[in-house]
Structure formats: C-alpha cells, structure tokens
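What would the 3D arrangement of this be:
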Amino acid sequence: MLRWAVAVLLLANLGFFAWTQGWLDPLVGAPADSEREPERLARQLRPEAVKLLPARAASAAAACLEAGPFAEADAAGAQEALRTAGVPAERWQLMAAGSAQSLLRIERADAALQAQLQGLKAPALGGGFRPCAAGAG
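Numbers count the residues shown, from 1 in each chain. You can find the predicted model right below:
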C-alpha cells in the first residue's frame, strides 16, 4: 500500500514539474505562467492613451467641489444656473447642509468641468464652487 502512495506522489510531482515547464500547455489548456498573461497586452486598445499620475495629481484631476449653502428658494436658482451653463444634471447633487439649507455638490469634477465652473459667474451661485469640506466626498 505504501508503495502505491509513493508511486502516486512521484507521478504527481513529475506531472506538476512537466506542467510548470510548459510541456503540457497544448494538452491541458491552462498555461503554467498564467499570472503573466501576455495575450492581454496584445488585446489592449490605445495603450499610449494611458497616463500614470502621482497620487496628488490624480486627486486634483478629479476633485470634489461644492457651492452653497443655499436656502431652499435659492437652491432652485443655483441649479438653473448650472443647467443654463450646460453642466449635465447627472453631474451634481443637492445635499442637505443643515436646517433648511442645502449644498450643490459635484463629486468628481475633472479638469474640463473645473474650468467650466471657474468661468461660471452666476449670481445665483453666490461665491461659486470650492473644494468640498474635509471628510466629504
């Protein structure tokens, strides 16, 4: 019985060795070096468009911005100012900021949207947009 166990273990080790050397890839279908996956590199679309940014630049590239606080009546005017400026409604949300006051918040404002908001000088937006309060967004 012990001889069979040793023989099975020896065959298992030989099979594993053959698989890790790549000798069984055509038979098994699972390559031993599947962690590398070089075929993914061949399937990339426009890899030159990918740009790695440092953490500080990445956080500045997609910032959280808010305007307000607004009284209930003023919040509608601020939202209309954003609509008129062409900012899509799905980009901002109205958040409660206390008793009968609210904030307009844009969670992920890219550089283009930030520039558009900087140029927006609507009186309904008061002081305009600023970075979100600490701990928000």
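
Which residue ranges of the protein form helices?
Using DSSP state H, the helices of the chain run over residues 2-20, 25-28, 38-42, 55-61, 72-84, 111-118.

could you dump the ones you listed to TSV with distance to Cys132?
Using the backbone N, CA and C atoms, a C-beta is placed for each residue, glycine as well. Listed next are these as TSV, based on distance: least, C-beta to C-beta, whole Å:
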stretch	distance to Cys132
helix 2-20	51
helix 25-28	52
helix 38-42	36
helix 55-61	12
helix 72-84	16
helix 111-118	13
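
among these, which is nearest Ala133?
The closest of the helices of the chain to Ala133 is helix 55-61. By C-beta to C-beta, the value is 15.4 Å.

partner residues bridging Ala109?
Ala63 (DSSP bridges).

How about the contacts made by it?
62-65, 91, 117, 129 (C-beta atoms under 8 Å, 6 or more residues apart in numbering).

Can you tell me which of those comes closest to Ala71?
Using C-beta to C-beta, these come closest to Ala71 at Phe129, 18.0 Å.

Please name the nearest non-neighbouring residue to that closest one.
Computed as C-beta to C-beta, 6 or more residues apart in numbering, the closest residue to Phe129 that is not its neighbour in sequence is Leu65, at 4.2 Å.

Double-check the one you found against Cys132; I have them as touching.
Yes. The criterion here is C-beta atoms under 8 Å, and Leu65 meets it with Cys132 at 6.6 Å.
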